Every structure is written in C-alpha cells, then in structure tokens.
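**Student:** let me see the structure of the following:
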Amino acid sequence: METVIYILIGLHGVMVLNIVLNRASFTLRRRARSSNALPSVSVLVPARDEEHNLPRLLASFKQQDHPEAEMIVYDDQSSDGTWHILENADDERIRCIRGQELPDGWVGKTNGCYQLSLQASGQVFLFIDADTEFQHPSALRHMCERFAARPPSTILTGMTLLEGGGRSIVSMVGAIIVSCIPWWMGRYVPASAMSGVNGQCWMITKADYRQHEPHQYARGEVLEDIRIGRYLHQQGLIPLLDDVTNDLTVHMYGSFPEAWAGFRKNTADILGRSTATSLLGLTFYVFMFIAAPFIYPPLVVSLLFMKFASDRVTRQPLRVTLLAPVSLLLVVGLGVDSIWTRSRGRIQWKGRFIRSSA
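**Tutor:** Predicted structure coming up:
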C-alpha cells in the first residue's frame, strides 16, 4: 500500500506542477504579437441543425475588424432553418456551402471541414464550431496576431470560454486539457500522445493544411481533434495552446441532458480506441481521481486544487468549482454509458449513427 501511495503522490504532483506551468505559459502567449502584416484568414464552420447558434456567430463575425477575413459555413444537410439563416446572412464576407450525401468512411464534421478547406482562400484557416461567438470586434485580429507570432513549425489551438448548460460536465474538458497535456513545453513536447488540438478552435496555414490534409487523415474519427493534433505532431507541426477566453466563447449545450448526450459520443474514444483499452482508461481515472483520496486522504487537496486552477483558466463560476466531487463522479458514469453505447454500435449524434473506432 505504501508503494501505491507514493505512486499517487507522484502522479498528482506532476499534474499540479503541469497546471502551474501551463497557466504561466498561457499568460506569456496572450502577450505575443507579430509586427508582420496580418495574414488573410478563412474562418471555416461546419454546421448541422444549428439555427439556434448561427445568428449569434454570424452577427459577431460581421463586427470583426480584421481587414482580410472571410467566413465559410458548410450546411451538413440540416433539417431545421440553418440554410435559410445562411442565405440571409447579408455580408459579402460570408459564404455558405450546401452539403451533399455524406461519403462512405467519413464522419459529418470531418467531411464538412474538408469541404470547407477546398473553398477557402485565406493564408490561414481557422476552424471553429457553429456554437462559437467572437466576443469583441478585434477578437479575430488578435487571434491572427498571436498566430503570426508563434514559433516555426507550430499551429495554434484555442482554450475557449465555455458557456451553456451542463457545466458540471463541460468544466471537466478544461480540467483535462490544462492538467494532462504539457502545453508549457511548446514545440518541444516530445511525444504525439502528449499533444492534440481543441476541435472548437484551431488555426493552421493553408500551405501546411494542403501538405498534410489532416481531415482526410481523420475522416472516420469521432474524436477527430485529438487524432489530428497527434498526426500533425508526427508530421513536425506541434500544436500550441492559446488562451482565447477573452476572444472566443463556445455555447456548448443548452442543458445537462444535451451535455450528457454530446459527451457520450466521444468519451469512450477519449478513454481508449477499443472496449478493453477504454475500460483500462476508466479504471486508471477512478484510481487517480476517485479512489486516491480514500487511499491517502491528503490527496483531496491536490484534487481540489487541480479543479480550482483549471476552472480559473477556463473562467468557470465558483459554484461549478464547489461541485468538483460531483463532476469527478459524473465522468465515471458518463464513461460507463459511452463505452456501453459504443460497444453496441449505438453512438448517435444529430440524427446519425456514428461509426465507432472500436
């Protein structure tokens, strides 16, 4: 038992140190600006049944002061008023594509992003979700300035401000991103398994995208953003995390049930690509975050610190932080639900059954 306690203390210590170093690196990166001319940018948005989100996103894009920006939205066979909203966008910088049947072997989002890339003219591609919103008129310009100032052989991905329902689950996204990935190492992250991108917001040059075609690589993946980040790392393009909580908001889900259904589709893949590896991943999670304080009670301090620090990075309300034990337990239930649903081939999102990677 003593050995187990030492292992837990060591692992918790590494994660706490990682959060501290990540927070410091985010502060430095927020200050980065390039004196070079701004690159032209294509904001690329895949959308399926997003009539409740698109008006907010389109209105915020219309206010952007970036001098060379376009937005292209791919309507992936929506059954609601998405296409009508896009047709009436009333901004020459906004274009829309009406999607066709989903090709075999592709997931809807990866196909949408790939089709968007074929139409984009900017020097830089910014992929965002339809539930995002630019917070102020200079948001896109600021993001492009930081992108232009990044080190060579890197791309940027964004830590966004997360809003909406189901925060007890949603806040765990930021906790995992901030505590488990050593973003502070910058382009010196040694292994692709320690990398990834946030599919809600990431930027890459058009030239790098054309060379590596990341959405073709991840075309059948439910968890496409992690696969893309690791793939690009293997190709020598290292993802850097940029704190864009002052620039970009994501209104993820309207309620707790929506959040649960949304995370059910990819939690199993986060834990592992097969049922066996997913169960192993869930067991490790329980060992680290549920059993740890029972095995060695002082570890409750590190657990609460990790949740408190990550919630401050993602600017979650204090009431969400106080519900940390509930959030930690909900992940267990969500993991079991997702693994079971995936094993039965019943993962579904927006009216489509999603092919599992298991």
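**Student:** and Leu156, what element?
**Tutor:** Using DSSP states H and E, Leu156 maps to strand 154-159.
**Student:** what's the mean pLDDT across that strand?
**Tutor:** The average pLDDT for strand 154-159 rounds to 94.
**Student:** kindly report the same for stretch 277-285.
**Tutor:** Here the average pLDDT along stretch 277-285 is 95.
**Student:** may I have it as PDB, with CA atoms only?
**Tutor:** The C-alpha trace of stretch 277-285 is given here as PDB (Å, rounded to 0.1, in the frame of the first residue of the first chain):
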ATOM      1  CA  THR A 277      -8.500   0.000 -23.600                       C
ATOM      2  CA  SER A 278     -11.400   2.200 -22.700                       C
ATOM      3  CA  LEU A 279     -12.200   0.100 -19.600                       C
ATOM      4  CA  LEU A 280      -8.500   0.300 -18.700                       C
ATOM      5  CA  GLY A 281      -8.500   4.100 -19.100                       C
ATOM      6  CA  LEU A 282     -11.600   4.400 -17.000                       C
ATOM      7  CA  THR A 283     -10.000   2.200 -14.300                       C
ATOM      8  CA  PHE A 284      -7.000   4.500 -14.300                       C
ATOM      9  CA  TYR A 285      -9.200   7.500 -14.000                       C
END
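**Student:** how distant is it from the center of its chain?
**Tutor:** Relative to the centre of its chain, stretch 277-285 is centred 21 Å away, using C-alpha atoms, centre = their mean, to the nearest Å.
**Student:** residues near the closest residue to Ala261 other than its chain neighbours, how many?
**Tutor:** Distances taken as C-beta to C-beta, 6 or more residues apart in numbering place Trp349 nearest to Ala261, at 7.7 Å, with adjacent residues excluded. Heads up, the C-betas are built off the backbone N, CA and C, glycines and all. Neighbourhood size, Trp349 [other C-beta atoms under 10 Å]: 17.
**Student:** partners of Trp349 in the sheet?
**Tutor:** Arg352 (DSSP bridges).
**Student:** gap between Val189 and Asn53?
**Tutor:** With distances taken as C-beta to C-beta, to the nearest Å, Val189 is found 33 Å from Asn53.
**Student:** so which of the two has more stuff around it?
**Tutor:** Legend: neighbour count by other C-beta under 10 Å for Val189 and Asn53, higher for Asn53 (21 against 18).
**Student:** wait, that one sits on Gly164?
**Tutor:** No - between Asn53 and Gly164 there is no contact under C-beta atoms under 8 Å: 10.2 Å.
**Student:** could you tell me which residues touch both of these two?
**Tutor:** 131, 251 (C-beta atoms under 8 Å, 6 or more residues apart in numbering).
**Student:** returning to that earlier point: who does the strand holding Leu156 touch, helix- and strand-wise?
**Tutor:** Applying 3 or more C-beta pairs under 8 Å, 6 or more residues apart in numbering; DSSP states H and E, one finds that strand 154-159 contacts helix 139-148, helix 167-180, strand 201-205, strand 238-243.
**Student:** how about that strand as CSV, C-alpha atoms only?
**Tutor:** Output of strand 154-159 as CSV, limited to C-alpha atoms (Å, rounded to 0.1, in the frame of the first residue of the first chain):
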residue,chain,number,x,y,z
THR,A,154,3.7,25.0,-34.9
ILE,A,155,0.0,25.5,-35.2
LEU,A,156,-2.3,27.1,-32.6
THR,A,157,-5.3,25.7,-30.9
GLY,A,158,-7.6,27.7,-28.5
MET,A,159,-8.7,27.3,-24.9
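**Student:** that one versus helix 167-180: what angle between them?
**Tutor:** 150 degrees (axes from the mean of the first three to the mean of the last three C-alpha atoms, to 10 degrees).
**Student:** for Ile238, see how far away Arg30 is.
**Tutor:** 19 Å.
**Student:** quick one: which of the two has more around it?
**Tutor:** Ile238 (21 against 16).
**Student:** coming back round to it: quick check: the residue nearest to Ala261 touching Gly262?
**Tutor:** Yes - using C-beta under 8 Å, Trp349 is in contact with Gly262, at 7.5 Å.
**Student:** ok, now which ones touch Val320?
**Tutor:** Val320 neighbours (C-beta under 8 Å, 6+ apart): 167-168, 171, 311, 327.
**Student:** now swap in Ser168 and tell me
**Tutor:** Each residue near Ser168 by C-beta under 8 Å, 6+ apart is listed here: 256, 320, 323, 326-327, 330.
**Student:** the nearest residue to Ile347 once chain neighbours are set aside: how many residues sit nearby?
**Tutor:** Leaving aside its sequence neighbours, Ile347 sits nearest to Ile354 (C-beta to C-beta, 6+ apart; 4.6 Å). A count of nearby residues for Ile354, using other C-beta under 10 Å, gives 21.
**Student:** wouldn't Ile354 be in contact with Glu221 here?
**Tutor:** No - using C-beta under 8 Å, Ile354 makes no contact with Glu221, being 9.8 Å away.
**Student:** which neighbours do these two share?
**Tutor:** Joint contacts of Ile354 and Glu221 (C-beta under 8 Å, 6+ apart) are Val107.
**Student:** can I assume Asp269 is in contact with Val222?
**Tutor:** Yes - counting by C-beta under 8 Å, Val222 is a contact partner of Asp269 at 5.3 Å.
**Student:** for this protein, which spans come out with low pLDDT?
**Tutor:** Where the chain drops to pLDDT under 70, the residues are 355-358.
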